[in-house]
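Colleague: can't give you the sequence, but here's the structure:
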């Protein structure tokens, strides 16, 4: 049974469901376009995920039939950001708070699962780049259209996308602003799987349940390896970096418990130590 946390905002609902944090964009009347209140909620969620040792992973999803239409361009064009005093105070202390919210900077150290229904455009696709496992409903549509509007995709898509899918496919999305279907996203390797309409969150919860069975120390180390040791690092150097991540894992009590449980043919009881 999930429980809403007091770090939620009106446009970003944050719930704890066992060892999983569920972050729900909640501005369906505006196609879940990002506004300051939503960014503040996401920032709080990612920092809370890092700080709470009992949490293993998070799911990012949205209410309504559109996942996210990106930045609220109407507010930007009118010069009306609707920024709360609290958000302004936070930005004064954490200048890149919006980039942390959008998973460009300082991503949480635990796996992030994306559950998309409907359109995920501009920033709605950009935030995808910062997640690790991605579920999309069959009606999902992805695209980065900033260039078509004379803008630049500053949340990192032009950097991350060519590292995650082939260069020419990344260029087609970023330069031509082409919208792609869920099936194309799956074929291109942008998402993990497609489910029926309305089933993305349920599938993400099943995936989260599998993550929650793993050893927390190992899970964080492997997540770091996937994100930080890219294919442009020479293999020999990459192996040394991998060893640095692996050594503390094998020295942990959890590693001993995992091997003992395997030998005894029982589920492991991990403690994060």
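Modeller: Now that the structure is in, tell me what you want to look at. Model, not experiment: these values are computed from the prediction. Numbering: from 1, shown residues only.

Colleague: Regarding the closest residue to residue 106 other than its chain neighbours, what is its secondary structure?
Modeller: Once flanking residues are discounted, residue 106 sits nearest to residue 100: 4.8 Å by Cβ to Cβ, 6 or more residues apart in numbering. In this view, the C-beta of every residue, glycine as well, is placed from N, C-alpha and C. Assigned with DSSP: H, G, I helix; E, B strand; the rest coil, residue 100 falls in the helix class.

Colleague: Measure how buried residue 175 is and give me the count.
Modeller: Neighbour count of residue 175, defined by other Cβ atoms under 10 Å: 12.

Colleague: quick one, what contacts the nearest residue to residue 110 once chain neighbours are set aside?
Modeller: Once flanking residues are discounted, residue 110 sits nearest to residue 57: 5.3 Å by Cβ to Cβ, 6+ apart. For residue 57, the contacting residues are 19, 20, 21, 110, 111, 112, 113, 208, 211, 212, 219, by Cβ atoms under 8 Å, 6 or more residues apart in numbering.

Colleague: quick revisit: these two touch, right, the residue nearest to residue 106 and residue 49?
Modeller: No. Contact between residue 100 and residue 49 fails when scored by Cβ atoms under 8 Å: they sit 11.7 Å apart.

Colleague: Mind telling me what element residue 23 is part of?
Modeller: strand 20-25 (DSSP states H and E).

Colleague: quick one, domains of this protein?
Modeller: Domain assignment for the chain by automatic domain parsing gives 3-211, 216-264.

Colleague: closest to residue 271 out of those domains?
Modeller: The closest approach between residue 271 and any of the domains of the chain, judged by Cβ to Cβ, belongs to domain 216-264 at 6.5 Å.

Colleague: Return the distance of residue 123 relative to residue 156.
Modeller: Residue 123 is 11 Å from residue 156, where distance means Cβ to Cβ, to the nearest Å.

Colleague: ok, now residue 185?
Modeller: Remark: distance between residue 185 and residue 156 (Cβ to Cβ) = 18 Å.

Colleague: Then residue 64?
Modeller: Noted for residue 64: a distance of 25 Å to residue 156, by Cβ to Cβ.

Colleague: cool, and residue 239?
Modeller: The value you get for residue 239 to residue 156, if Cβ to Cβ is used, is 27 Å.

Colleague: Please identify which of the two sits among more neighbours.
Modeller: Higher neighbour count among residue 239 and residue 156: residue 156, with 17 against 13, using other Cβ under 10 Å.

Colleague: That one contacts residue 129, correct?
Modeller: Yes. Using Cβ under 8 Å, residue 156 is in contact with residue 129, at 6.0 Å.

Colleague: helix, strand or coil for the closest residue to residue 191 other than its chain neighbours?
Modeller: Excluding the flanking residues, the one nearest residue 191 by Cβ to Cβ, 6+ apart is residue 134, at 4.1 Å. Following three-state DSSP, residue 134 is assigned to strand.

Colleague: right, and residue 134 touches residue 188 too?
Modeller: No. The criterion here is Cβ under 8 Å, and residue 134 misses it with residue 188 at 11.8 Å.

Colleague: Of those two, which one has the most company?
Modeller: Between residue 134 and residue 188, residue 134 has the larger neighbour count (other Cβ under 10 Å), namely 25 against 17.
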